[in-house]
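structure for the following, please:
(chains A and B)
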Amino acid sequence: MSFIENFVPFSIIICLGGGIISSALKGKTARVFTVWLLLAVSIMNACVLGYTVSIGHEFVYVMGRFPAPWGNELRAGCLEGLIGTFFSVVMFLSVVGGIRGQNDDIPVDKMNLYFIMINLMMSSLLALVYTNDLFTAYVFVEINTMAACALIMIRNNGHTLVAATKYMIMSLLGSGLLLIGISMLYTITGQLLMPDIKNAVEELARTGEYAIPLTAVIGLISVALAIKSALYPFHSWLPEAYGYATASSSAILSSLVSKGYIFLLIKIFYRVIGMHVMVGHKITNILFVFGIIGMIMGSVTAIRQNDIRHLIAYSSIAQIGYIYMGIGLGSTAGMVAAIFHIMSHGATKSMLFIAQRALVEVSRGSKNFSDLKGSGFRHKLAGIAFTVGAFSMVGIPLLAGFTSKVYFAEASVTAVHSKMWIAMITLAISTILNAVYFIRATISIYTPRNMNYLLPGYRPSRNTAVALVCFIALNFFLGILSYPIAYTIQTGLTVFG
Amino acid sequence: MFGPNLVYNVYSIVSVIIFSVGFTTLMLHRNMIKKIIGFNIMDTAVYLFLASKGYVFGRKAPIIVDNVQSVEAYINPIPAGLVLTGIVVSVSVTALMLAITIRLYERYHTLDIDEISLRSKKDTPGRNKYYKDLEGEDNE
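From the prediction side, this is the model:
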């Protein structure tokens, strides 16, 4: 085996260890340490991606060299490598871009606690991406939930506290359903390792044994992960959580946390239950319907917002709807589109949150559009980044959002007739709705207004500038050079089985 | 439908009923403490489910004492391991929830989540230092 295979468990473990070390460091030192750690993890995951693409097949890492029922397994193919790299890079940029926000929002003596949670979050995300064992996935889902709750709560005001409570309650409902789903799946298959469960489920589907429990399991697990990733009717916690947490936390929550759960769901679709069994149980149709409703309702609510943060948050609900719509198409093309949208939305939404923070800074700290007028002139780079992000979400060519919309459209053309029409029409309506609020927001930040909103001696943060430039580059990269990425996703799904 | 299966699966049925009791309490109850209790009931139901599935009547715990090596003599230990892991998770989540509840109570002097929601809407938004110079006030 190659040396690079060790990077998979190592990147998870150093993040866990990094959390412990951060607890002993002083606030600023913990941040420097975490930032370098995240950079190292990004590089390691990129190596894993390069290695899996070059060998062309998956590899299984057996923890501690104990074979499966005793030990634990990690698995990496090119799709996991790609998503792992993407998650760590976005995490790195979100932390770097929000440094000034962290200084303002987090009490000095609690700074190191924040970075414990960042490290825990990173390790749980990577574990969700790479794990080959369903119960390990459950444990890391819980770790992820707790870290996310702390990330919301660290900015100490009433809103974040209430938001964190609502988030926890919703998440716990999801976790309970996931736990009983996994337990039932274990009792009907007798396995916890993903490939073994898949064999057993195929056997069950062939013989027709335990048909009702299998349907229940599929429903429970899908609903659980849909609740956790804020699919439309379960989104009530989301606007407050994204609206009042510190900018880095909002960026991480919207672009990584919900996406981690969606990726786990896709993994369960392909590697645990098997895609044809899932489609056979019609669960994809249900996800499709809720995705469609989410696409419309998220955008309609976003139009009514007068607060830039809430606008971006409601737009996230619509984008989650897109992803579930892609999954709901029930075809490989739809899944490729959904995974591509996970990436393009992750890259765009985190950029919007970081840019928003810089714009708010130069507008007396107010998040209302009336105060944000002209902020694009006061902080030029953030204005450009916000515009790029808004255009990408609307679907202007050359940007990431456009490419994922093209993939969604292509996928819906090959779907069954009824779904094709619904998907195409909703895509069109939703694009128009997106344009209504994002173009309005962009025009609003470029409406000239006097410059004396700027505090004397205000200097834009250099870290934010670096992060924003990287995010803009990432957006154009995903928009223009999308083919190799889509190809990698396609190969990864084929390797999934 | 209500044949010998019902008797055979009595533990599963009971655990699913308890699960739904806990789930409903967590979802619908307005009192934070009762929500947390509901969550614990829900998780306990899952442990009952797992433990009952792992147990085989007439067999012993899988600890070899008098050199009986046969698999047939012992119950399945894996569900017990899952239950232990689940307990660890639920204890830490409960601790976190209780901590949040204490913070909420200190701030809003109530445990009713709807009331807390209402009061937090009236709370002034967290204003940061960029706001002070023009307004001349600090609301935090």
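
quick check: B:Lys34 is in a helix.
Yes. Checked against DSSP: H, G, I helix; E, B strand; the rest coil, B:Lys34 lies within a helix.

so it touches B:Thr25, yeah?
Yes. Counting by C-beta atoms under 8 Å, B:Lys34 does reach B:Thr25; the two are 6.2 Å apart. Glycine gets a C-beta too; all of them are placed from N, C-alpha and C.

low-scoring stretches of the chain, by residue?
The chain I'm using is chain A. A:1, A:449-456 (pLDDT under 70).

not quite, go with chain B.
Applying pLDDT under 70 to chain B flags residues B:1-3, B:124-140.

repeat that for 80
The model of chain B has pLDDT under 80 over residues B:1-6, B:68, B:123-140.

which parts of it are helices?
B:4-8, B:10-28, B:32-54, B:78-108, B:113-122, B:129-135 (DSSP state H).

ok, which residues in the stretch 51-200 of chain A are in contact with chain B?
Contacts of the stretch 51-200 of chain A with chain B, taken as C-beta under 8 Å from any C-beta of the partner chain, map to A:69, A:104-105, A:135, A:138-139, A:142, A:145-146, A:149, A:153, A:155, A:157-162, A:164-165, A:168-169, A:172-173, A:175-177, A:179-180, A:183-184, A:186-187, A:192.

just the buried residues out of those, in PyMOL syntax.
Selection of buried members from these for PyMOL, criterion 16 or more other C-beta atoms under 10 Å in any protein chain shown:
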select buried, chain A and resi 104+105+135+138+139+142+145+146+149+153+155+157+158+159+160+161+162+164+165+168+169+172+173+175+176+177+179+180+183+184+186+187+192
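
ok, now which ones touch A:Val62?
A:68, A:71-73 (C-beta atoms under 8 Å, 6 or more residues apart in numbering or on different chains).

what do you get if the cut-off is 10 Å, keeping everything else the same?
Each residue near A:Val62 by C-beta atoms under 10 Å, 6 or more residues apart in numbering or on different chains is listed here: A:1, A:9, A:68, A:70-75, A:132.

got it, and A:Leu399?
By C-beta under 10 Å, 6+ apart, the residues touching A:Leu399 are A:344, A:347-348, A:388-393, A:472, A:475-476, A:478-480.

grab the nearest non-local neighbour of it.
Excluding its sequence neighbours, the residue lying closest to A:Leu399 (C-beta to C-beta, 6 or more residues apart in numbering or on different chains) is A:Ser392, at 3.8 Å.

run the chain-centre distance for the host helix or strand of the one you found.
Taking DSSP states H and E as the criterion, A:Ser392 maps to helix A:380-394. Helix A:380-394 sits 19 Å away from the centroid of its parent chain (C-alpha atoms, centre = their mean, to the nearest Å).

follow-up on the earlier one: indicate which one of the helices of chain B is closest to A:Thr85.
helix B:78-108 (28.4 Å; C-beta to C-beta).

touching, A:Tyr409 and A:Leu329? I think so.
One thing to correct before we go on: residue A:409 is Ala, not Tyr. No. Judged on C-beta atoms under 10 Å, A:Ala409 makes no contact with A:Leu329 at a distance of 11.1 Å.

more crowded one of those two?
Counted by other C-beta atoms under 10 Å in any protein chain shown, A:Ala409 and A:Leu329 do not tie: A:Leu329 has more neighbours, with 28 against 15.

for the residue of the stretch 251-400 of chain A found nearest chain B, what are phi and psi?
Residue of the stretch 251-400 of chain A nearest chain B, by C-beta to the nearest C-beta: A:Gly365 (3.8 Å). When read as degrees, to the nearest 10, the backbone of A:Gly365 gives phi 70, psi 10.

quick check: the gap between it and A:Ser375.
11 Å (C-beta to C-beta, to the nearest Å).

how about residue 7, what does it touch?
I'll assume chain A. Residues in contact with A:Phe7 (C-beta under 10 Å, 6+ apart) are A:14, A:41, A:43-48, A:51, A:61, A:76, A:81, A:84.

should've been chain B
Counting by C-beta under 10 Å, 6+ apart, B:Val7 touches B:Ile13.
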